[in-house]
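Chemist: A structural model of the following input is requested.
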Amino acid sequence: MASWRGATPQGDESNQEPLPRWGAFGYANFRRFWVASVVRVFALQFRIIGIPWLLKVELGLTPGWVGIVALSTALPTIILSLPAGSLADRFDNRRMIILSNTLSGIAYLLLALLVTTDLVELWMVVVWSVVTGALSALVAPAQQAILPQLIDMRAIASAVALNGMVWNSMRIIGPAIAGVVIAVIGIGQAFFVTTVGYAVASVLLFLLKPKPRTFNPRAGGGGVMEGVHFIFGNRLFLAVIGLSFFTSVFGGSYQVLLVYFATDILEVGGPGFGLLEGAAGVGAILGTLSIIKIGAGRHRGFVIIGGAASFGICVALFAASKFMPLSMAALFAAGISSGIYLNVGMTALQMEVPDELRGRVMGIWSMTWFLASVGGFFAGVAAEVIGIPMTVAIGGLSVTGFALLLFVLSSELRTLPSVAAQASARTAGG
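Modeler: Below is the predicted model:
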């Protein structure tokens with residue numbers, strides 16, 4: 001197994017420098033990377049809000065076309081996740097991220113020009129969505145694989161939490177700001193803002209000076225499927241990535257159908273929809289932040305299993321509720337649970353994956369999240385047949401059921417050691 005920088009040798013902790021008080025933020029490289037991520041993810045909100053606006057308001061298309069365009073983005077991300085992970089294991093991750101950011105910024109610039117000159121047509125948006133989806137697939141594994149080069153690996157729980165907080169916080173702040181900007185300056189001009197965001201992120205990434213890898217990235221071989229074989233041969237990875245899959249495809253169905261709960265079931269309209277989204281987002285932020293403390297401690301396996309089981313129960317409770325405060329409380333608790341177990345699981349994978357397979361394994365992890373669009377499609381079909389509340393409840397409880405199954409079958413997850421113990425064991429074995 002490849003050697004591992006930053007690990008604490010067993011019985012030799014006195015030779016290690018103490019970790020910074022602020023965890024991963026104590027490393028200048030990580031701070032630059034984190035700020036670049038904030039800018040990039042904020043810019044991405046203009047796409048999330050702007051594309052449906054463009055299709056509905058500017059092009060006058062029906063909601064079905066919004067789904068088709070979303071799927072045209074999701075499919076290349078799913079298909080290309082494995083090859084992108086293989087590339088992340090063979091090439092400089094920083095350069096891959098910069099390349100993806102730069103090309104994405106150019107793509108947004110072209111879309112902005114097409115919209116502001118009234119030349120944009122549906123087929124252009126579809127092609128644009130396919131291209132930007134492919135660029136998202138290129139960057140996702142590299143974003144995760146680069147983390148060990150930016151920090152001491154003993155701070156990985158902090159790095160994972162802070163990285164996850166970017167997405168969870170922007171889920172609340174970003175759409176609100178993007179919506180106001182689009183309303184004030186127009187959709188075409190708003191895409192120019194996205195271009196600037198990607199440019200700023202690329203400049204910050206140019207300033208990174210990652211630690212060199214501890215293995216030869218071109219000597220590993222094994223091809224794209226080696227990451228798949230590794231995961232299916234390692235029950236811990238199979239368990240954690242399986243939970244991510246269930247959460248994305250089944251447990252996240254409430255997000256797709258949330259607008260119907262707000263308008264038809266709870267009858268709270270647009271403001272209530274925002275409150276429900278905010279409750280889940282705030283919970284996810286708090287859960288993510290909490291792993292800075294618990295993500296490195298003992299009993300992490302039970303935290304993962306218990307968090308996943310709780311998440312599913314909270315989603316089912318939300319599905320059954322017809323009382324707005326209870327619905328908000330259930331989504332808040334679901335957000336906390338998911339923020340904890342998914343990020344603690346990511347920490348475990350980052351600590352355990354061999355360096356020469358990190359990109360490919362992270363590519364598969366990323367793919368499970370891209371499958372959310374597919375899960376949303378199935379949730380919509382199921383809701384037509386068995387109803388919205390039943391669809392959401394079954395989706396949530398499927399996550400709970402899988403977590404309980406892991407409790408019975410996965411001794412590797414139940415006995416997952418602390419970060420310090422994993423570091424010592426890996427160094428001793430390497």
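
Chemist: Pop the domain breakdown of this structure in here.
Modeler: If you go by automatic domain parsing, the domain ranges for the chain are 22-223, 225-430.

Chemist: Let's have these in CSV, adding mean neighbour count and mean pLDDT.
Modeler: Bear in mind the C-beta positions are built from the backbone N, C-alpha and C, glycine included. Output for these, formatted as CSV (neighbours: other Cβ atoms under 10 Å; pLDDT from 0 to 100):
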stretch, mean neighbour count, mean pLDDT
domain 22-223, 19, 81
domain 225-430, 20, 81
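
Chemist: so how far is W34 from R358?
Modeler: R358 is 19 Å from W34, where distance means Cβ to Cβ, to the nearest Å.

Chemist: Can you name every helix or strand that the helix or strand harbouring L317 contacts?
Modeler: Assigned by DSSP states H and E, L317 belongs to helix 300-320. Counting contacts by 3 or more Cβ pairs under 8 Å, 6 or more residues apart in numbering; DSSP states H and E, helix 300-320 packs against helix 235-246, helix 253-260, helix 269-294, helix 324-352, helix 388-409, helix 411-414.

Chemist: List the contacts of the last one.
Modeler: Going back to what we said before, that points to helix 411-414. R235, L236, A239, V240, G301, F302, I304, I305, L406, F407 (Cβ atoms under 8 Å, 6 or more residues apart in numbering).

Chemist: Please repeat the previous calculation with a cut-off of 7 Å.
Modeler: Outside of helix 411-414, the residues within contact range by Cβ atoms under 7 Å, 6 or more residues apart in numbering are R235, L236, A239, G301, F302, I304, I305, L406, F407.

Chemist: same question, the second one
Modeler: Contacts of helix 253-260 with the rest of the structure, by Cβ under 7 Å, 6+ apart, involve 273, 276-277, 315, 318, 375-376, 379-380, 383, 388, 391-392, 395.

Chemist: Same check on stretch 276-295?
Modeler: Here stretch 276-295 has contacts from 23, 157-158, 160-161, 164-165, 168-169, 171-172, 258, 261-262, 303, 327-328, 331-340, 343-344, 347, using Cβ under 7 Å, 6+ apart.

Chemist: May I have stretch 374-381 as CSV, with CA atoms only?
Modeler: C-alpha atoms of stretch 374-381 as CSV (Å, rounded to 0.1, in the frame of the first residue of the first chain):
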residue,chain,number,x,y,z
VAL,A,374,-32.8,9.7,-11.8
GLY,A,375,-34.3,9.2,-8.4
GLY,A,376,-36.4,12.3,-8.9
PHE,A,377,-37.7,10.9,-12.1
PHE,A,378,-38.8,7.7,-10.4
ALA,A,379,-40.3,9.6,-7.5
GLY,A,380,-42.4,11.6,-9.9
VAL,A,381,-43.7,8.4,-11.6
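
Chemist: roughly how far out does it sit from the chain middle?
Modeler: Stretch 374-381 sits 19 Å away from the centroid of its parent chain (Cα atoms, centre = their mean, to the nearest Å).

Chemist: of the contacts of helix 411-414, closest to F370?
Modeler: The closest of the contacts of helix 411-414 to F370 turns out to be A239 (Cβ to Cβ; 20.2 Å).

Chemist: Okay, the closest one and I78: tell me how far apart.
Modeler: Look at A239 and I78: by Cβ to Cβ, they are 22 Å apart.

Chemist: same check, this time on L111
Modeler: Taking Cβ to Cβ as the measure, L111 falls 22 Å from I78.

Chemist: same question, Q350
Modeler: The gap separating Q350 from I78 is 22 Å, by Cβ to Cβ.

Chemist: repeat for T132
Modeler: From T132 to I78 the distance is 14 Å (Cβ to Cβ).

Chemist: residues contacting the closest residue in space to L99 that isn't next to it in sequence?
Modeler: Sequence neighbours aside, L138 is the residue nearest to L99 in space, at 7.5 Å (criterion: Cβ to Cβ, 6 or more residues apart in numbering). Counting by Cβ under 7 Å, 6+ apart, L138 touches A84, M96, S100.

Chemist: Return the closest of these with respect to P52.
Modeler: For the contacts of L138, the nearest to P52 is S100 (23.4 Å; Cβ to Cβ).

Chemist: Enumerate every residue touching that closest one.
Modeler: Residues near S100 by Cβ under 7 Å, 6+ apart: L135, L138, V139.

Chemist: Just put these in CSV and tack on secondary structure and distance to G363.
Modeler: Shown next, in CSV, are those (DSSP: H, G, I helix; E, B strand; the rest coil; distance: Cβ to Cβ, whole Å):
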residue, secondary structure, distance to G363
L135, helix, 14
L138, helix, 10
V139, helix, 11
